[in-house]
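Asks: Give me a model of this one.
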Amino acid sequence: MDEEWYDDAGPVVRPYAVTGGRTRPAANHALELVALVLTTEHGRAMVRTLDPEQRNIVLLCQSIQSIAEISAQLNLPVGVARVLVGDMIDAGLVRVTRPARPSERPDVALMEKVLDGLQTL
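Replies: Purely as a prediction, here's the structure:
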């Protein structure tokens, strides 16, 4: 394959090649854009053996990043970021937490009472 042609086609071909043409992770992980990703100890230990995209995700997620942030920071389509992160969850390289849903958050009145209590200290 001609290297110049590959470089020109890289951004189009690479996501397909990286995900094996998949649009979803192998396991059915429902990864929202705001799902929070953090590298595991295993991920840190394996960083040198990973493919470039996975390595970049492991390095980026040393501090918590959302799927949207991973996509933007690494210039990956969101679908590709989801597939890669899903595969990395299965491999134990990263873990994902989801931010609290509105129904799981404390009541606003309770938070105001806590704030009032802190201000009186």
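Asks: Can you tell me the centre-most residue of the chain?
Replies: Ile67 (3.9 Å; CA atoms, centre = their mean).
Asks: Contacts only, for it.
Replies: For Ile67, the contact set (CB atoms under 8 Å, 6 or more residues apart in numbering) comprises Leu31, Glu32, Leu33, Val34, Ala35, Val37, Val78, Ala81, Arg82, Val85. No exception for glycine: its C-beta is placed from N, CA and C like everyone else's.
Asks: need the strands for the chain, in chain order.
Replies: 36-39, 65-66, 94-97 (DSSP state E).
Asks: Output those strands in a markdown table, with mean pLDDT, distance to Thr49 and mean neighbour count appended to each entry.
Replies: Formatted as a markdown table, the strands of the chain follow (pLDDT from 0 to 100; distance: least, CB to CB, whole Å; neighbours: other CB atoms under 10 Å):
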| stretch | mean pLDDT | distance to Thr49 | mean neighbour count |
| --- | --- | --- | --- |
| strand 36-39 | 95 | 14 | 19 |
| strand 65-66 | 92 | 21 | 21 |
| strand 94-97 | 92 | 15 | 17 |
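Asks: Could you dump the ones you listed into JSON lines and include distance to Gln73?
Replies: What follows is the strands of the chain, written out as JSON lines (distance: least, CB to CB, whole Å):
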{"stretch": "strand 36-39", "distance to Gln73": "11"}
{"stretch": "strand 65-66", "distance to Gln73": "7"}
{"stretch": "strand 94-97", "distance to Gln73": "14"}
